[in-house]
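In: model the structure of this input:
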Amino acid sequence: MTQALKTELVNFQELDGGADSSRSAELARHVASLFAYTSDRCTAEQVDIYDSVLLRLISMVEVEVRSFVAEQMAGLRRGPEGTIRKLAEDEIVIAEPILRCSTVLRDADLVNIAEKKDDSHRLAIAKREVLSEAVTEVLVNRGDVHVKRQVAGNSGATFSDRTLMKLIGDSTADATIQMSLSERADLAEHHIKQLVGVACEEVRKALVKRGEIADAARLPEAADITAQRMTNEYWLARYDFETARNRVLLLAKRGMVTEATLRRFAIEDRFPESVAAFAWMVRCGVEEVSHWMVRADPEPFLIIAKASGLSSITVNSLLSIGPWRHRLTPEIRATSMRTFDRMSVGEAERRMAHWGNVMLN
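Out: Modelled structure (predicted):
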């Protein structure tokens, strides 16, 4: 049966006997199209047969035909691995669709190609929907600025800490990389601070060069604000506040949103529900409250909590959940609780009133 399939696909004796190149091209197109049509139904043995046949055929045909074969192979879920690897290492006009789309290629294949081929191949790899840490490491270490821009903007790329820090460092010389990195949702706090520092330093140099010394001196403060906003968004993006808000509204209709309910949410580390319950109790929006309860400085939350009459037990519980479980050190929590306990309700209300006056003015 195996020999019959080989014979049915291609008579290599005829080709080796001097058939013209147009016959080889026709057969390559035919076999590639046939496999693309039947690939999901082929046995492993049949795939191997197609692989051996296609490998011989693509060595006998010109660029245009190899490009056709690559296009046929690129989108297949399973395919002739040897043929696909060979096409992936061909010149870029042939390799591009394979490198960009083929799920048959393994990480080891991609790493190998990225290491030994040029930036055109690396750029095609960088456009894949998913990139592993091993692949992004090679792309960032070996790629030119165009490759790095593509990787930085690829939402399906994952990075080791070392690779991401290198890419942030490389962004010093390229604003496009900086912008792409700033829009990523997977940056940790130390990545964000490093990125903001890089961007701030470049702007500072430009201002100093133009003689705008005063503006340059104010940049660190602006950088701190930017870093805080970005880190806040990094943490908040992890939670589903809309669903939590709807759950709390149902409880509120039954008169069940109380401090005891809020404390229970905190004890269970249900951060979105805690935010939504606190927002309902203090009559503020969930989005606004979520930003109070993610800040590295919890002072605004402490003031609102004191003015709203929350107990120390509840506040202490809330300071240990969600992002604050990671962002606040034990020392900051202890200091925050001392601040809360010493603050009077009247003082908290006066500070809230001051905020209102500032916003009105």
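
In: from here on, just use CA atoms for contacts and neighbour counts.
Out: Noted.

In: secondary structure element for F159?
Out: Using DSSP states H and E, F159 sits in no helix or strand.

In: can you tell me the closest non-neighbouring residue to it?
Out: E133 (4.7 Å; Cα to Cα, 6 or more residues apart in numbering).

In: how about the one you found, what does it touch?
Out: For E133, the contacting residues are 157-160, by Cα atoms under 8 Å, 6 or more residues apart in numbering.

In: at 6 Å what do you get?
Out: Counting by Cα atoms under 6 Å, 6 or more residues apart in numbering, E133 makes contact with 158-160.

In: next, count neighbours for P330.
Out: The tally of other residues near P330 (other Cα atoms under 10 Å) stands at 12.

In: just the one 5 residues further on next, same as before
Out: Around T335 sit 12 other residues, with neighbours defined as other Cα under 10 Å.

In: now do the strands in the stretch 151-300 of the chain.
Out: Using DSSP state E, counting those that start in this stretch, the stretch 151-300 of the chain contains no strands.

In: look up how far F271 lies from S336.
Out: Per Cα to Cα, to the nearest Å, S336 is found 19 Å from F271.

In: and the pLDDT for the one residue sitting closest to the centre of the chain?
Out: Nearest residue to the geometric centre of the chain (Cα atoms, centre = their mean): S155, 4.0 Å. Looking at S155, its pLDDT stands at 92.

In: quick check: closest non-adjacent residue to it.
Out: In this structure, S155 finds its nearest non-sequential neighbour in R184, 7.0 Å apart by Cα to Cα, 6+ apart.

In: check D144 too.
Out: Closest residue in space to D144, ignoring its immediate chain neighbours: D119 at 6.6 Å, by Cα to Cα, 6+ apart.

In: number of nearby residues for the one you found?
Out: Residues lying near D119 (other Cα under 10 Å) number 19.

In: swap in F271?
Out: For F271, using other Cα under 10 Å, the count is 25.

In: helix, strand or coil for the residue nearest to it when sequence neighbours are not counted?
Out: Nearest non-adjacent residue to F271, counting by Cα to Cα, 6+ apart: G322, 5.2 Å away. Three-state call for G322 (DSSP: H, G, I helix; E, B strand; the rest coil): coil.

In: what sits against I303?
Out: Each residue near I303 by Cα under 6 Å, 6+ apart is listed here: A348.

In: quick one: it from E259, how far?
Out: 16 Å.

In: now do H30
Out: 72 Å.

In: in the stretch 1-150 of the chain, which spans are helices?
Out: 2-9, 12-16, 21-38, 44-58, 63-74, 81-88, 92-101, 107-116, 119-126, 133-142, 145-152 (DSSP state H, counting those that start in this stretch).

In: CA atoms of the fourth one as CSV?
Out: It stands for helix 44-58. Output of helix 44-58 as CSV, limited to C-alpha atoms (Å, rounded to 0.1, in the frame of the first residue of the first chain):
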residue,chain,number,x,y,z
ALA,A,44,0.9,9.4,10.3
GLU,A,45,2.4,7.1,7.7
GLN,A,46,0.7,8.9,4.8
VAL,A,47,2.0,12.3,6.2
ASP,A,48,5.5,10.8,6.2
ILE,A,49,5.1,9.7,2.6
TYR,A,50,3.9,13.1,1.5
ASP,A,51,6.9,14.6,3.4
SER,A,52,9.4,12.5,1.5
VAL,A,53,7.8,13.3,-1.8
LEU,A,54,7.5,17.0,-1.2
LEU,A,55,11.0,17.3,0.1
ARG,A,56,12.3,15.9,-3.2
LEU,A,57,10.0,18.0,-5.3
ILE,A,58,10.8,21.4,-3.7
